[in-house]
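Novice: Sequence first, predicted coordinates after that:
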Amino acid sequence: MVSDDTDVFALLLYFYWNEKLQSTMTMQSLNRSCIDIKETSRIHSDIVPSVLAIHAHTGCDSVAATYGIGKTKAIKVTRHGHALDKLGQSTADLTNVVKQSTDFMAACYGCKAPCSSMPECRQQLWAQKTGKSTAALKLCGLPPTTEAFEQNVYRTHFQVAQWYSALSGDPPPLNAVDYGCKADEANKCLIPRNMAEYPMLLNTS
């Protein structure tokens, strides 16, 4: 396989493991570096089942990355027992998907205690960082708001579900506009939704 795309690398790893392949498989980038998919799958067999969810949750071609949270950190958190097995399961309840993703992201940020929401994670991280230093804290280093985070989780869930069904020829019955995207009719494309669009409540008093 000749490609420079990290999405392709994650897909090759996952499906090599999932299909129980044994043949030699390599991925070569355009600058001639070569990755042995078979050996990589063997060495990292503990995280390969979760590699698609890990990759998408930390940023891929269709999902925004979170500032300061990269692949290395997410892999470390996974190896410490934090799962993302609900992401991409088309029958999973979205409330449970968001809760699991919140737990995972809180661990990525280094929160010492479990967090039930992103505001709780932000508050805890703020306390941890300001308690150790008098330097001004960069706001970009804090977790995203609940509204923004949930939309990103929905996009992640949708993308991973598409990947899991890649070999079936039968995409999951999910509509992108219900999972963090909205239709741009003028340009005939989908664009990310930053937060849920609730009907405006009018003050009639």
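Specialist: Looks like it arrived, so ask away. Residues are numbered from 1 along each chain as shown.

Novice: can you list the domain ranges for this protein.
Specialist: Per automatic domain parsing, the structural domains of the chain span 1-45, 53-192.

Novice: out of these, deepest packed?
Specialist: Mean neighbour count, computed with mean count of other CB atoms under 10 Å, is highest for domain 53-192 among these, reaching a mean of 16. C-beta: built from backbone N, CA, C; applies to glycine.

Novice: distance between that domain and the chain's centre?
Specialist: Relative to its parent chain, domain 53-192 has a centroid offset of 5 Å by CA atoms, centre = their mean, to the nearest Å.

Novice: Check the separation of the first and last residues in that domain.
Specialist: Length of domain 53-192, first residue to last, CA to CA, to the nearest Å: 19 Å.

Novice: Ok, stretch 140-148 next?
Specialist: Across stretch 140-148, the terminal residues are separated by 13 Å (CA to CA).

Novice: returning to what we had before: same list, the domains of the chain, but as TSV with mean pLDDT please.
Specialist: Shown next, in TSV, are those (pLDDT from 0 to 100):
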stretch	mean pLDDT
domain 1-45	93
domain 53-192	90
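
Novice: who's in contact with stretch 35-42?
Specialist: 1, 9, 12-13, 16-17, 21-29, 48 (CB atoms under 8 Å, 6 or more residues apart in numbering).

Novice: which two from those end up farthest apart in space?
Specialist: Greatest spatial distance among the contacts of stretch 35-42 (CB to CB): 22 and 29, at 24.0 Å.

Novice: How about the residue nearest the centre of the chain: what's its closest non-neighbour residue?
Specialist: Centroid check for the chain by CA atoms, centre = their mean gives residue 57 as the closest residue, at 0.9 Å. Distance criterion CB to CB, 6 or more residues apart in numbering; nearest residue to residue 57, sequence neighbours excluded, is residue 156 at 5.3 Å.

Novice: about what we covered before: in contact with the residue nearest to the centre of the chain: list those residues for me.
Specialist: Counting by CB under 8 Å, 6+ apart, residue 57 has contacts 63, 74, 84, 87, 101, 104-105, 153, 156.

Novice: want to throw those into CSV with secondary structure?
Specialist: Shown next, in CSV, are these (DSSP: H, G, I helix; E, B strand; the rest coil):
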residue, secondary structure
63, strand
74, helix
84, coil
87, coil
101, helix
104, helix
105, helix
153, helix
156, helix
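
Novice: Sounds good, over and out.
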